[in-house]
Each structure stands twice: as structure tokens, then as C-alpha cells.
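[1] Got a sequence here, can you model it:
(2 chains)
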Protein chains: 2
Amino acid sequence: MYIGLALPSSELNLISAIRRQAKGAGTTRSRALIAGIGDDSAVLRLPAGHEALLTTDLSIEGVHFRRDWHPAASVGHRCLARGLSDIAAMGGEPVAAFLSLGTPADLRQAWLNKFLDGLLTLANRFRVPLAGGDLAESPRGIAADIVVMGSVPSGKALLRSGARPGDSIYVTGELGRPAAVLHALTEGQKVSSKSAANRPHFFPEPRLAAGRTLRGVASAAIDLSDGLSTDLTHICAESRVGAVIQEHSLPRGVHSYQSSSLHFALHGGEDYELLFTAPPRAKVPARIGKLRVTRIGQVISDRSHRIFLADSHGQRKLLTPGGWEHFRRG
Amino acid sequence: MYIGLALPSSELNLISAIRRQAKGAGTTRSRALIAGIGDDSAVLRLPAGHEALLTTDLSIEGVHFRRDWHPAASVGHRCLARGLSDIAAMGGEPVAAFLSLGTPADLRQAWLNKFLDGLLTLANRFRVPLAGGDLAESPRGIAADIVVMGSVPSGKALLRSGARPGDSIYVTGELGRPAAVLHALTEGQKVSSKSAANRPHFFPEPRLAAGRTLRGVASAAIDLSDGLSTDLTHICAESRVGAVIQEHSLPRGVHSYQSSSLHFALHGGEDYELLFTAPPRAKVPARIGKLRVTRIGQVISDRSHRIFLADSHGQRKLLTPGGWEHFRRG
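    Here you go, the predicted model:
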């Protein structure tokens, strides 16, 4: 290692490329963004009467994605989807995204372009400008931290701490498919990123419209990133309650790994659906747009913040958080 | 790699530890912070009539720091200082910090505690709450992305794009010492992180008070992170101007590497002083608190956004951006 004295042309060029690509995608046009890429920090204007939301999600090569499993566009999409999903779970609107990206010096420009394509296509669809970030060399693998700033009307953010005994527990969409696809990848199966059935893994959909709809309806919310059992534990811990989940009511969808689908639905992770609670009299819609909303259980009073799984006979067993902290080396 | 099924206890424990440590440091008490660590995103309130600032800075082990060179507290301090320095360069106030941290599974808890100590001690000094972030395993080395949200009165942010021909160019403090220390480290010299002379490298001071003072005074500003020649090029490019620097006026301080001090002052990087321009009639103070402000040159009209270095005889030579993109492997 030495103090390099060379013109930092590669970094300057990369910033220019991102600027051009972001402009091309229309993602730098935003009323909220006063100054973006190219200054020490972005300058942003929030709507009057709104509070700011801020979330960061770190994606590490070999932990959150693998270049031999995930096409570059999927990696870019997944990075941003994680941040947008957090904003959705707060009932917020995304205002701007920021990317801190560490890349090996020998990373091909084509990979980087496709990564940015995937990220910016999703950003553009939700009209989120890429407003800044940081670039650095990361000699031993890609590290991408996505930051999303959002906004929510003051006092209306959906927190994890508002669940009360007697509230019902709901999820959007279906659970378990992304983990089933990941499992297939780990088993060396051929998995197409282009098949619609595999899209929930490679191109998950942040539930922003659902989150907005739940403002004033849900008592607590979280996005399902670490798996139902772990994420429901977060709600229970923050709200100081317990929960009972009805096994038969879990929306597991239909996929080719039926035998383990209950496991994936309970513990799989990366569903990026919303898990929320609502008081008995709340008007919870059965669908939000085309997205199904399913009642899966009930909040109970429990000092130890435990979760129970009830079978069709009403038998309860303790459900321990078995979500995974991303896949890792065995 | 496999889909881990274990309780994600290490991540939960680390979050709890950070929460406790952040609370202990008093950094979670803030009027701006409505909800912090423990929800899907932080919820923040900006002062009325203010715009939001947002900056991200990625620090990669082996690129921005080395564990055998930098004590853990220095690494934590330096991570946050980079973000605070960006907010200073915008003339802003820091509102909250966020840390995305990837760590190898075998990283000692003691290192992590000292890293957090360094980060939170600085945060506490500027009353910036650590309001959230993300934690992940990073098998091949530490990656830390610091995000700082700030605020600035609407329309008052100091941008890079406001320099005009005829403006004077100024810097705060002294230049070159951090690069001289880094050079000593690369040469294998014994360098104490505890010596006051080495503090600018190990514990750089973000110039937040200076940045605030320069609101309404400076026409453009940037923080000196990549070296004077590179950062002045950024101002010139964004403002579409050129610049002349007077070699003899550079505040180089006194240090033990005199022979290369001009080089370090021009190209060294990581000074974290403010570089700014101001119109001829602006009232630029000679000192801000104890911090010296030095006029080092003038903005000129130049279509190619070139920078010239003038010696004491008035001879000009072209100064090419020679800052470095962090130290790297040779």
C-alpha cells in the first residue's frame, strides 16, 4: 500500500457515469432534491408537516448476494428494494436514495452498468432520485450500502412499538418463495432469474402503496426481511406483547418446494412483505390494489414476548425466532 | 454457505450493545429524533424553515484504515469525522448519524467496543445522536458506511458551484499534517496516535463552527478530504472557473517532514479543513474561534477549470489534481 499520487480519474469517471445514468433514468428530477451528486452533501426539501425517515441497508458480496447466483441487475434491484421496503414499513414516501459503493479494482464496467441499471430502474419506477453517495475501492469484494430518505406526515409513522393485546396480525402477499429460491441456489439447482415464479427472490417488490394505505389503520408494522418468526419477535419485543400465529392461515402460495414451505414461510426471510397489527375495529382491506392481505394471528399479553404457532386443532407450540442472518459460510 | 437457521443472536446482541452504548454517551437524547434504533427507519424532525442535508462516507479496511496502524477508537472517530466534515462544508448542523457496519465474524468484541467509543465520543461532543444503521457479516474485512443527516436554513447551504472570478480562496487551519503522518506509517516509522502532533491524522476535527460562520459569507465551499488540488478542482468544475494558488501563502504548519510538506499540503488529503471562496467585499474573519483562516489564492476565469500554482516571483505553473483516492495496494 502506498499513498497513491495518481489522478483519481477512475473515481471521477464513475461519478460522472452514475450522474449520466441517473439523469437518463429520470431519477434526478425531483421537487424534493435541491442539490444532489457533486456536492459535499445532498440538499433536500421535505413536504411541510412531514417528518423525515432514514434507513440504511448494507449488502455484502458473499453474504447478501453472490455474483455467480445473482445477475448484476438483480443485485442493484435488491439493494434498493431493501431500503424502499423499510420506508414502506413506516408508511412513508421515499424522497431520495444514496449509494455507498465499494468495488474491487478489477470489477468489470459492464457489471457495474448492469448493477446501476437494476438499481435505477427500480428507483425510477418509484420516482426516487439517486441523490448522492460515496465510491471507494474495496479490494476483497463488493460492499454496497443503500440509504433511503423518506417522509411521512408528522406523527403518522408506523412503528414497531404500537401492537396491543387483542390486535389482529396480518401480512401482505405470500411468504416463503424467496427463501425457497435461495435454498434451490444453495443446492446447486438451476434457477432462472427471468422466471416469474423466481421474481420475488431476484426482483422483490417494495410494498410502498400498502404501507401508505396502512397509515392510520395499522397499530404496528415491520417489513419481512429476516423471516416472520424473527420480525414478529421484533414487533413483540418493541411492543412488549406476545403473539399467536395460526399455522393454517399463513399465505404460503404454491411453489415447487412444498415440503419445506411452512419452514420457509416462518423463517425464510427476504419476503419484503409487510407484517402488521391492527386493532379489532380497524378497517383492514382484504386487498390493497392486487395485493392480498391475510389475517394470520393475534397479539396476546405475554411478559416474555413469546410467539406461539397454533395448529388446526388449536394446539399451541412455542415458535422461536429462526430467521437467518443472511446466508453464511458453513 | 447455507441458509442459516440459527437464532440471529449475535446481531440482536450487537444492536442492544450499540443502543446501550449510544444511550450511555447521551447521544440518543435529541429533540430532532422521534424514533431511532429499533425500528425499520429512524423518524426525525427538522427545524422549521430548514432543508435536510445528507451525506454518506464509506470506510473500507485496508483502504481507509488499517487495524495495525489505527487504534479502534481512531477508526471510529475518523469514520464519523468524515461525515461531520461534509455537513460542515455545507454550512449545516448535524442532526443524526447512522452506521452501516460489516464486520468479520472473528472480530474481537473489545475492538468493536473501542471503535464505538471513538465514534460515540465524537458524536456526543457535537450532540449528534446515533439514530440507526445496519449490521452485517463482512467475511473479508471491516466495511463501515457512515451517514450523517444535517439541516441548514433554507437556501443557505454552501455549495461547490458558487465561486466567481475575482473571489478570494481561503482555507481553515493548516494543511498536510495528516498526509505526513500517513506517509510515516507507510514507511514503517513508529507513529504514536496519542501525540498531539499526530492528532490531525488519528482524530481529525470536523470544522462545524467554521462552516456555520461561513453561511452568507462564502460563495462556495468544500471540505479537504482528497487534497487541495483535487478538492479545488471540484469547486472549479462545479463553478466553471479556474484558480490561482499562491505557494508561499499555504498554511503548512511545522512538522517533521518539511522537505515534502508542500507536496502534502497540495495533494495530501484527509485534512478535513474547509476550502472556500468569498467575494472581494465579503467580511471573512481572520480567525473563527481559535481556528486560523488563510487567504491562499484567487478565482479566475478559465474555461478549462484549470488550477495554477504561483511562486513568490509570480511565475505560474499548472497544478494538476494529484490528490489520492485513498491509499491502495501497489
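
[2] Please identify which residue in the stretch 151-300 of chain A comes closest to chain B.
    residue A:157 (4.8 Å; C-beta to the nearest C-beta). Heads up, the C-betas are built off the backbone N, CA and C, glycines and all.

[3] does that residue sit in a helix, a strand or a coil?
    Look at residue A:157: counting by DSSP: H, G, I helix; E, B strand; the rest coil, its state is coil.

[4] give the contact list for it.
    Counting by C-beta atoms under 8 Å, 6 or more residues apart in numbering or on different chains, residue A:157 makes contact with A:51, A:53, A:90-92, B:34-35, B:43.

[5] mind checking pLDDT for it?
    Here the pLDDT value assigned to residue A:157 is 95.

[6] Can you tell me how far it is from residue A:233?
    According to C-beta to C-beta, to the nearest Å, residue A:157 and residue A:233 sit 21 Å apart.

[7] what does residue A:218 give?
    18 Å.

[8] Make sure I have this right: residue A:102 is in a strand.
    Yes. Under three-state DSSP, residue A:102 sits within a strand.

[9] Show me what it is bridged to.
    residue A:136, residue A:143 (DSSP bridges).

[10] Residue A:194: neighbour count?
    Other residues within reach of residue A:194, judged by other C-beta atoms under 10 Å in any protein chain shown, total 9.

[11] To clarify, my last question referred to residue A:48.
    By other C-beta under 10 Å, the residues close to residue A:48 number 7.

[12] Where does the record place the domain boundaries for chain A?
    Here the domain parsing of chain A from automatic domain parsing is A:32-153, A:168-319.

[13] Pick the most buried one from those domains.
    For the domains of chain A, the largest average neighbour count (mean count of other C-beta atoms under 10 Å in any protein chain shown) is found in domain A:32-153, namely a mean of 23.

[14] Give me the average confidence score over that one.
    The model assigns domain A:32-153 a mean pLDDT of 93.

[15] Now the terminal residues of it, how far apart.
    End-to-end distance of domain A:32-153 (C-alpha to C-alpha, to the nearest Å): 15 Å.

[16] Check the offset of that domain from the chain's centre.
    Distance, stretch centre to chain centre, for domain A:32-153: 12 Å (C-alpha atoms, centre = their mean, to the nearest Å).

[17] mind listing the strands for the stretch 201-330 of chain A?
    For the stretch 201-330 of chain A, the strands defined by DSSP state E, counting those that start in this stretch cover A:220-223, A:242-246, A:274-278, A:287-288, A:291-300, A:307-310, A:316-319.

[18] okay if I get those as CSV plus distance to residue A:194 and mean pLDDT?
    Converted to CSV, the strands of the stretch 201-330 of chain A look like this (distance: least, C-beta to C-beta, whole Å; pLDDT from 0 to 100):
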stretch, distance to residue A:194, mean pLDDT
strand A:220-223, 25, 98
strand A:242-246, 34, 98
strand A:274-278, 26, 98
strand A:287-288, 27, 97
strand A:291-300, 22, 98
strand A:307-310, 35, 96
strand A:316-319, 35, 94
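
[19] Point out the one among the ones you listed that comes closest to residue B:78.
    strand A:220-223 (32.4 Å; C-beta to C-beta).

[20] Pull up the pairing partners for that closest one, direction included.
    Assessed with DSSP bridges, strand A:220-223 is paired to strand A:274-278 (antiparallel).

[21] could you check the angle strand A:291-300 makes with the strand it pairs with?
    Orientation of strand A:274-278 against strand A:291-300 (axes from the mean of the first three to the mean of the last three C-alpha atoms, to 10 degrees) gives an angle of 50 degrees.

[22] contacting residues around strand A:274-278?
    Contacts with strand A:274-278, where a contact means C-beta under 8 Å, 6+ apart, come from A:88-89, A:158, A:162-164, A:167-172, A:207, A:210-211, A:214, A:217-224, A:228, A:231-232, A:235, A:239, A:284, A:299.

[23] How about stretch A:168-176?
    With C-beta under 8 Å, 6+ apart as the criterion, stretch A:168-176 contacts A:200, A:207, A:210, A:224, A:228, A:232, A:243, A:245, A:250-253, A:255, A:261-266, A:268, A:271, A:273-278, A:280, A:284, A:288, A:291-299.

[24] Check the offset of it from the chain's centre.
    How far stretch A:168-176 lies from its chain's middle: 15 Å, per C-alpha atoms, centre = their mean.

[25] One more: stretch A:186-203?
    With C-alpha atoms, centre = their mean, you get 18 Å for stretch A:186-203.

[26] Tell me the span between the first and last residue of it.
    18 Å.

[27] give the contact list for the closest residue in space to residue A:138 that isn't next to it in sequence.
    In this structure, residue A:138 finds its nearest non-sequential neighbour in residue A:102, 2.9 Å apart by C-beta to C-beta, 6 or more residues apart in numbering or on different chains. Going by C-beta under 8 Å, 6+ apart, residue A:102 touches A:135-138, A:142-144, B:58, B:60, B:63, B:143.
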